[in-house]
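A.B. asks: Have a look at this prediction, sequence included:
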Number of protein chains: 2
Amino acid sequence: MRSGPPLLAALALAAALAIASVAGAEETPSVARFDSGGKMLFPADYREWVYVTSGHGMSYAAVAANRPEPPFDNVFADRAAYRHFLDTGTWPEGTVLVLEIRDGTSHGSILKGGAFQTDNLLGIEVHVKDTARFGGDGWAFFSFDGDKPAGMIGREASCYACHQANTAVDRTFVQFYPTLLPVARAKGTLTPAYLEQEAAAAQ
Amino acid sequence: MRSGPPLLAALALAAALAIASVAGAEETPSVARFDSGGKMLFPADYREWVYVTSGHGMSYAAVAANRPEPPFDNVFADRAAYRHFLDTGTWPEGTVLVLEIRDGTSHGSILKGGAFQTDNLLGIEVHVKDTARFGGDGWAFFSFDGDKPAGMIGREASCYACHQANTAVDRTFVQFYPTLLPVARAKGTLTPAYLEQEAAAAQ
């Protein structure tokens, strides 16, 4: 059987190419950059990305908890990934999340209670989703020392297993992200493991 | 005395207009919007502005300090104002700063220590610099209840006197803004009152 006149086939092909081109134009290239050795370049402008949340003295291990002057952690997402999450409740390929850890202090100026952040930066950890580059579940961690390029943290590190076991959406702790948790709930993208954990806590 | 040949005067005027035109093009209109009654419209997209800092349980009054589950406060600046501050150590006309106050909790998911932010928004306060509109030192405060337009907080409110007496740069608590305090120090824009307070604390 013939599939149709050559002119219609040509028009269909042209239409398909036009659609593919439009779809391609809507994809945003990742902000992650790598050197020729595969090290990630420091994302120098992350403080102008979209703010996700901050925690104070957050710890998943009892031994490290409740230091007298605990640090703050601030999370940032690249703008395209954040908007994709608002639309879908999921992180797109190319997502970059930055965790900035910064000294906290309860002493300064006219403060009588509580704590604020200082200019003493303690560390920067980055979480990147790029399945073509990293394989597996697509995610990799990097820990930056200043603005030098950073190698990927090896898969044996505990961060991978902990994120796999405990995160609310696709290896990320969306349960701690106040503007994104309601989106994930509405879009139905919370993991079964997280929903079980939440149900157990409510009992 | 003549001020110069007419042609040179005309060229000088043209050059001055060209410079004024370029300067005008570089000015960014304020993100603040007001209704016909002078109420400020809610800045709905503030979470995508530039993040400035977060505090946890911050209080300037001893009586309110150290609640068992203190709130977090997150500060955002409009992008043009933030970049102007990085360049100059000062806030331009049109600056809008947003203070978001959000519930904190130390109980959730796998957390063993510290606290994180929840989706329970407690309040939004906004600080706007617009000398033509507000007169005086140019700054006015607004407190939003949901996304309804908000009237200016009256000048008798304690926030005005406290900001006038205690802030490190132009009525703003830059002493609590970790990425901006070093800029203000480098640009020499810290107030004499703050520098005295800092010197007294160091003794």
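C.D. replies: Done, it's in. Numbers count the residues shown, from 1 in each chain, chains lettered A, B, ... in the order given.
A.B. asks: what's the burial count for the spatially closest residue to A:Ala184 that is not a sequence neighbour?
C.D. replies: Of all residues not flanking A:Ala184 in the chain, A:Gly89 sits nearest, at 4.5 Å (CB to CB, 6 or more residues apart in numbering or on different chains). C-betas here are computed from N, CA, C, even on glycine. A:Gly89 has 21 neighbouring residues, counting by other CB atoms under 10 Å in any protein chain shown.
A.B. asks: Tell me how far the host helix or strand of A:Ile101 lies from the chain's centre.
C.D. replies: Using DSSP states H and E, the element containing A:Ile101 is strand A:96-105. On the basis of CA atoms, centre = their mean, to the nearest Å, strand A:96-105 sits 13 Å off its chain's mean C-alpha point.
A.B. asks: Neighbouring strands of it in the sheet, and parallel or not?
C.D. replies: Applying DSSP bridges to the sheet, strand A:96-105 is found paired with strand A:72-77 (antiparallel), strand A:113-129 (antiparallel).
A.B. asks: Could I get those in JSON lines, plus columns for mean neighbour count, mean pLDDT and distance to A:Gly38?
C.D. replies: As requested, those are arranged in JSON lines below (neighbours: other CB atoms under 10 Å in any protein chain shown; pLDDT from 0 to 100; distance: least, CB to CB, whole Å):
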{"stretch": "strand A:72-77", "mean neighbour count": "24", "mean pLDDT": "98", "distance to A:Gly38": "23"}
{"stretch": "strand A:113-129", "mean neighbour count": "20", "mean pLDDT": "96", "distance to A:Gly38": "12"}
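A.B. asks: Switch the ones you listed over to JSON lines; also include distance to A:Ala201.
C.D. replies: Formatted as JSON lines, the strands paired with strand A:96-105 follow (distance: least, CB to CB, whole Å):
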{"stretch": "strand A:72-77", "distance to A:Ala201": "22"}
{"stretch": "strand A:113-129", "distance to A:Ala201": "25"}
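A.B. asks: May I ask which helix or strand of chain A has the lowest mean pLDDT?
C.D. replies: helix A:6-26 (a mean of 47; mean pLDDT, DSSP states H and E).
A.B. asks: what's the following helix or strand after that one?
C.D. replies: Using DSSP H and E, the next helix or strand after helix A:6-26 towards the C-terminus is strand A:50-59.
A.B. asks: what mean pLDDT does that next one have?
C.D. replies: For strand A:50-59, the mean pLDDT works out to 95.
A.B. asks: Dump it to PDB, restricted to CA.
C.D. replies: Only the C-alpha atoms of strand A:50-59 are listed here, as PDB (Å, rounded to 0.1, in the frame of the first residue of the first chain):
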ATOM      1  CA  VAL A  50      15.900  31.500  42.200                       C
ATOM      2  CA  TYR A  51      15.900  31.100  46.000                       C
ATOM      3  CA  VAL A  52      14.300  27.900  47.200                       C
ATOM      4  CA  THR A  53      14.700  27.900  51.000                       C
ATOM      5  CA  SER A  54      16.900  28.100  54.000                       C
ATOM      6  CA  GLY A  55      17.400  25.900  57.000                       C
ATOM      7  CA  HIS A  56      19.200  26.600  60.300                       C
ATOM      8  CA  GLY A  57      21.400  24.000  61.900                       C
ATOM      9  CA  MET A  58      19.700  21.200  59.900                       C
ATOM     10  CA  SER A  59      21.100  17.800  60.600                       C
END
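A.B. asks: Quick one: residues contacting A:Thr172.
C.D. replies: Listed by CB atoms under 8 Å, 6 or more residues apart in numbering or on different chains, the contact partners of A:Thr172 are A:Trp91, A:Leu97, A:His127, A:His163.
A.B. asks: Which residues does it form beta bridges with?
C.D. replies: Beta-bridge partners recorded for A:Thr172 (DSSP bridges): A:Val169.
A.B. asks: how close does it get to A:His163?
C.D. replies: The gap separating A:Thr172 from A:His163 is 7 Å, by CB to CB, to the nearest Å.
A.B. asks: And A:Asp103, by the same measure?
C.D. replies: A:Asp103 is 25 Å from A:His163, by CB to CB.
A.B. asks: Leaving out chain neighbours, which residue sits closest to A:Pro92?
C.D. replies: Spatial nearest neighbour of A:Pro92, chain neighbours left out: A:His84 (4.5 Å); criterion: CB to CB, 6+ apart.
A.B. asks: Secondary structure of the one you found: a strand, I assume?
C.D. replies: No: A:His84 is assigned helix when assessed by DSSP: H, G, I helix; E, B strand; the rest coil, not a strand.
A.B. asks: burial measure for it, as a count.
C.D. replies: A count of nearby residues for A:His84, using other CB under 10 Å, gives 19.
A.B. asks: contacting residues for it?
C.D. replies: A:His84 makes contacts with A:Thr90, A:Trp91, A:Pro92, A:Thr95, as judged by CB under 8 Å, 6+ apart.
A.B. asks: what does A:Val96 give?
C.D. replies: A:Val96 neighbours (CB under 8 Å, 6+ apart): A:Ser30, A:Val31, A:Ala32, A:Pro43, A:Ala77, A:Asp78, A:Ala81, A:Val126, A:His127, A:Val128, A:Lys129.
A.B. asks: out of those residues, who's nearest chain B?
C.D. replies: The shortest approach to chain B among those belongs to A:Ala77, at 10.5 Å (CB to the nearest CB).
A.B. asks: A:Ser143 is in what secondary structure piece?
C.D. replies: Using DSSP H and E, A:Ser143 falls within strand A:139-144.
A.B. asks: Show me which positions of that strand end up buried.
C.D. replies: A:Trp139, A:Ala140, A:Phe141, A:Phe142, A:Phe144 (16 or more other CB atoms under 10 Å in any protein chain shown).
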